[in-house]
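> Give me a 3D structure for the following:
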Amino acid sequence: MSGYASYIHFTQQVKQDLQEALQTADYSALFVLVDDHTRQHCLPVIAAALPAGYQLITIRPGEEHKNPDTCRHIWTALTEAQADRQALLLNLGGGVIGDMGGFCARTYKRGIAFWNIPTTLLAQVDASVGGKLGVDLAGYKNQIGIFSEPDRVIIDPVFFKTLPHDELLSGFAEMLKHGLIADADHYRELTGIDIKQADWLSLIPRSVKIKQDIVAKDPTERGLRKLLNFGHTIGHAIESYLLLQQRPVKHGFAVAAGMVCETFLSYQKGLLPEADMLNICDYLLAMFPPLAIDNSALAAIADLARQDKKNTSTTIQAVLLQAPGQAVIDKAITAADIRQALAFYQEKIK
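Numbering: from 1, shown residues only. Okay, the predicted model is just below:
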């Protein structure tokens with residue numbers, strides 16, 4: 001498709017496209033990174049395209065395993081297999097696989113090539129473009145990482161056939177975010193579909209294009225790219241808190257809750273009309289499962305938001321809305337604002 005980064009390929013025949021790409025690629029050895037789930041459900045889809053002698057690296061699934069210990073496992077596997085700098089790592093999985101696999105590839109021997117075949121909606125519309133690689137540390141999301149684009153991304157909705165509904169819904173949250181920050185028509189289109197019967201091959205490229213256009217103008221998140229963090233200042237804090245409480249939730253569900261909170265703050269700060277705020281919040285609350293948070297946790301979540309990478313040393317910075325499809329960056333919010341927004345969210349889900 002025209003207008004997209006050259007490394008991104010949309011297809012309905014992932015096995016054939018992968019086979020052709022591997023036949024023309026220059027690499028010394030192929031390693032395929034999977035988790036327990038993608039090894040069972042996704043590897044069979046592409047197995048016939050893989051050359052004899054490829055080596056499989058398997059990790060445990062879930063955000064709770066996106067950490068330096070798992071990186072050590074991946075690096076050790078590459079080292080024991082004597083992978084050199086011409087090796088290729090193929091990441092087959094969701095956002096955790098793509099983020100961590102890419103990070104391990106770019107840091108192993110100062111960098112080897114990696115390709116992503118994202119198998120979740122979240123990974124296809126979010127991790128497929130932007131080059132953010134990394135892992136969590138001590139409960140903080142993506143605390144360690146780098147910017148580096150994949151060498152190739154192959155996107156095929158075929159993997160959604162075995163994708164649980166909550167994984168599909170999690171990715172849908174990021175698509176809604178793209179519409180809310182930059183494309184009101186896309187947001188309205190998304191709110192009118194049934195995700196169980198969606199034409200993903202037409203919807204995903206548009207969402208990817210929104211993110212790609214923003215990233216192209218600000219690759220290392222010094223300004224405009226911060227728009228993509230709408231819902232994440234509070235959403236990441238919620239996700240981190242629940243992970244620390246041994247209650248991991250889907251990333252998209254936390255982002256949806258964060259979007260409700262930050263939409264509310266957009267209204268509170270006089271940026272967003274009340275009618276727009278209520279329409280957006282009501283839709284998100286109806287679409288995504290509620291995340292129960294005790295009042296006693298509000299201060300802890302607000303404190304976690306201070307660790308957000310967009311912040312200055314003394315100020316929590318958020319992305320707020322002026323209208324559907326229009327957002328502003330670097331809006332200062334306080335811990336008290338976050339507690340108020342979380343209280344609003346809790347009241348709405350009762």
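> Quick check, residue 264 in contact with residue 284.
No. Residue 264 lies out of contact with residue 284 (C-beta atoms under 8 Å); the separation is 10.7 Å. The C-beta positions use only the backbone N, C-alpha and C, and glycine is treated the same way.
> burial count for residue 226?
Using other C-beta atoms under 10 Å, residue 226 has 23 neighbouring residues.
> which residues does the closest residue to it other than its chain neighbours contact?
The spatial neighbour of residue 226 that comes closest, neighbours along the chain excluded (C-beta to C-beta, 6 or more residues apart in numbering), is residue 329 at 4.2 Å. Applying C-beta atoms under 8 Å, 6 or more residues apart in numbering to residue 329 gives the contacts 223-224, 226-227, 317, 319.
> I'd guess residue 329 is in a helix, am I close?
No. With DSSP: H, G, I helix; E, B strand; the rest coil as the criterion, residue 329 is assigned strand and is not in a helix.
> Look up how far residue 230 lies from it.
9 Å (C-beta to C-beta, to the nearest Å).
> Mind listing the shared neighbours of those two?
Counting by C-beta under 8 Å, 6+ apart, the contacts common to residue 329 and residue 230 are residue 319.
> and residue 136, backbone torsions?
phi -80, psi 160 (degrees, to the nearest 10).
> re earlier: now for the contacts of residue 329, which pair is the farthest apart?
224 and 317 (13.7 Å; C-beta to C-beta).
> Who has more neighbours out of these two?
More neighbours surround residue 317 than the other of residue 224 and residue 317, with 18 against 14 (other C-beta under 10 Å).
> Is it correct that that one is in contact with residue 328?
No. Using C-beta under 8 Å, residue 317 is not in contact with residue 328, being 10.9 Å away.
> Mind jotting down where the strands sit in this structure?
With strands called from DSSP state E, the chain shows them at 8-10, 30-35, 55-59, 88-93, 113-118, 132-137, 140-147, 152-155, 316-323, 326-333.
> Pipe the ones you listed into JSON lines and attach distance to residue 176 and mean pLDDT per row.
Formatted as JSON lines, the strands of the chain follow (distance: least, C-beta to C-beta, whole Å; pLDDT from 0 to 100):
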{"stretch": "strand 8-10", "distance to residue 176": "20", "mean pLDDT": "95"}
{"stretch": "strand 30-35", "distance to residue 176": "26", "mean pLDDT": "98"}
{"stretch": "strand 55-59", "distance to residue 176": "29", "mean pLDDT": "98"}
{"stretch": "strand 88-93", "distance to residue 176": "23", "mean pLDDT": "98"}
{"stretch": "strand 113-118", "distance to residue 176": "18", "mean pLDDT": "98"}
{"stretch": "strand 132-137", "distance to residue 176": "19", "mean pLDDT": "94"}
{"stretch": "strand 140-147", "distance to residue 176": "20", "mean pLDDT": "91"}
{"stretch": "strand 152-155", "distance to residue 176": "19", "mean pLDDT": "97"}
{"stretch": "strand 316-323", "distance to residue 176": "12", "mean pLDDT": "96"}
{"stretch": "strand 326-333", "distance to residue 176": "13", "mean pLDDT": "96"}
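> I'd like the ones you listed laid out as CSV, including distance to residue 199.
Converted to CSV, these look like this (distance: least, C-beta to C-beta, whole Å):
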stretch, distance to residue 199
strand 8-10, 13
strand 30-35, 28
strand 55-59, 32
strand 88-93, 24
strand 113-118, 18
strand 132-137, 28
strand 140-147, 31
strand 152-155, 14
strand 316-323, 27
strand 326-333, 26
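> And residue 183, how far from residue 206?
From residue 183 across to residue 206, the span is 8 Å (C-beta to C-beta).
> So which of those two has more stuff around it?
The neighbour comparison of residue 183 against residue 206 (other C-beta under 10 Å) goes to residue 183, with 20 against 17.
> Skipping its backbone neighbours, what lies nearest residue 124 in space?
Residue 124's closest residue in space is residue 118 (C-beta to C-beta, 6+ apart), at 4.6 Å.
> Next, the contact list for that neighbour, please.
Shown in contact with residue 118 (C-beta under 8 Å, 6+ apart): 93-95, 98, 124, 127-128, 153, 155.
> residues contacting residue 242?
Per C-beta under 8 Å, 6+ apart, neighbours of residue 242: 248-249, 254, 291, 293.
> same question, residue 210
Residue 210 touches 178-179, 181-183, 186, counting by C-beta under 8 Å, 6+ apart.
> I'd assumed residue 254 was in contact with residue 170.
No. Taking C-beta under 8 Å as the definition, residue 170 is not a contact partner of residue 254, at 9.0 Å.
> Those two: which is more packed in?
Neighbour totals were compared for residue 170 and residue 254, and residue 254 leads with 29 against 26 (other C-beta under 10 Å).
> Now for the closest residue to the more buried one other than its chain neighbours, how many residues are close by?
Nearest non-adjacent residue to residue 254, counting by C-beta to C-beta, 6+ apart: residue 239, 3.7 Å away. For residue 239, the neighbour count with other C-beta under 10 Å is 28.
> pretty sure residue 239 contacts residue 256?
No. Under the criterion of C-beta under 8 Å, residue 239 makes no contact with residue 256, lying 10.9 Å away.
> With that, I have no additional questions.
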